[in-house]
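*Asks:* Fold the following for me, if possible:
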Amino acid sequence: MPDAPRQPEAVAGAAAADVAATAHAGATAGADPSAESVFTGDLALHKITDARAMRALAHPVRIALLEALAHAGTLTATQASELLGESPANCAFHLRTLGKYGYVVEAGGGKGRERPWRRVHAALQISSEQEDPLVAAAAREVGDYWLDMTLGRARSSLLLRGSRPAEWQHNILLGGSDQLVYLTRQEANELGAEMYRLYRRYDDRVDHPERRPDGAMPIEVVTLAYPLLHLAGWPGPGEHDPGDPDPSEHGTSEPGTSEHDPE
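*Replies:* Next comes the predicted model:
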């Protein structure tokens, strides 16, 4: 059986994100509020509307801690320090800060820096569509932070793809693709819902290492979709700019000929 075709390994460009998806594993993004209807059932979607809680996420150690907890299930400050290369005291401080804003809770047992912590929410959603302008500004700040961080590590991973394990060198999922589609608003919502449902097949493996099959690789799937407004503003077939001369006013001619060509 022939190998599946490889996707070009590239990262499509993107403008600044209007909606921030943070906390990595289980993160979500969607500027349209109707997208929330996709997240039902056992996926715990937490929509953040407090500016201080939003800004609490815009810190590399806290993002790394949430990611480490999604991978390990539970961690103490000491265990987290060994994974992240930070001091136990620093990890303990940031875990307490995440706990203050409801992102993590103590998992029970242990004392001091040996207390295990776990994540509370499987997915976090931050939207800049807020009534309070201060909250909207905080959402944009976190959105910019998330976008820079995510695209930066996507670029690094794609440029260093030769360092992957041999069995992961050629895989149809890994890499990137850039595809132009023409969709109505409803079709775009439907396509987004289908894509999220596909990813949700594997939700139960996040925060639960014991549920992962042997050989499972942590893979970050970053979905970027944005309208190309410069194309949308161009005239389509049969349309012309009112400022352009009307060809009918000057007669017509066959392609490749001129009205002044000799007979």
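*Asks:* The spatially most central residue of the chain and residue 172: what is the separation?
*Replies:* In the chain, the centroid-proximal residue (CA atoms, centre = their mean) is residue 222; its distance is 4.3 Å. Counting by CB to CB, to the nearest Å, the gap between residue 222 and residue 172 amounts to 16 Å. Yep, even glycine has a C-beta here, placed from its N, CA and C like the rest.
*Asks:* Relative to residue 191, how far out is the residue nearest to the centre of the chain?
*Replies:* Distance from residue 222 to residue 191, by CB to CB: 16 Å.
*Asks:* Residue 144 now?
*Replies:* Residue 144 is 26 Å from residue 191, by CB to CB.
*Asks:* ok, back up a step: could you list every residue that touches the residue nearest to the centre of the chain?
*Replies:* Residues in contact with residue 222 (CB atoms under 8 Å, 6 or more residues apart in numbering) are 150, 151, 154.
*Asks:* Is it possible to get these out as CSV so that each row also shows pLDDT, distance to residue 162 and secondary structure?
*Replies:* What follows is the contacts of residue 222, written out as CSV (pLDDT from 0 to 100; distance: CB to CB, whole Å; DSSP: H, G, I helix; E, B strand; the rest coil):
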residue, pLDDT, distance to residue 162, secondary structure
150, 92, 22, helix
151, 93, 20, helix
154, 93, 16, helix
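*Asks:* From those residues, list the buried ones, please.
*Replies:* The neighbour-count test (16 or more other CB atoms under 10 Å) marks 150, 151 as buried among the contacts of residue 222.
*Asks:* okay, now the closest residue to residue 113 other than its chain neighbours: neighbour count?
*Replies:* Closest residue to residue 113 apart from its sequence neighbours, by CB to CB, 6 or more residues apart in numbering: residue 77 at 4.1 Å. Number of residues near residue 77 (other CB atoms under 10 Å) recorded here: 25.
*Asks:* Great, nothing more from me.
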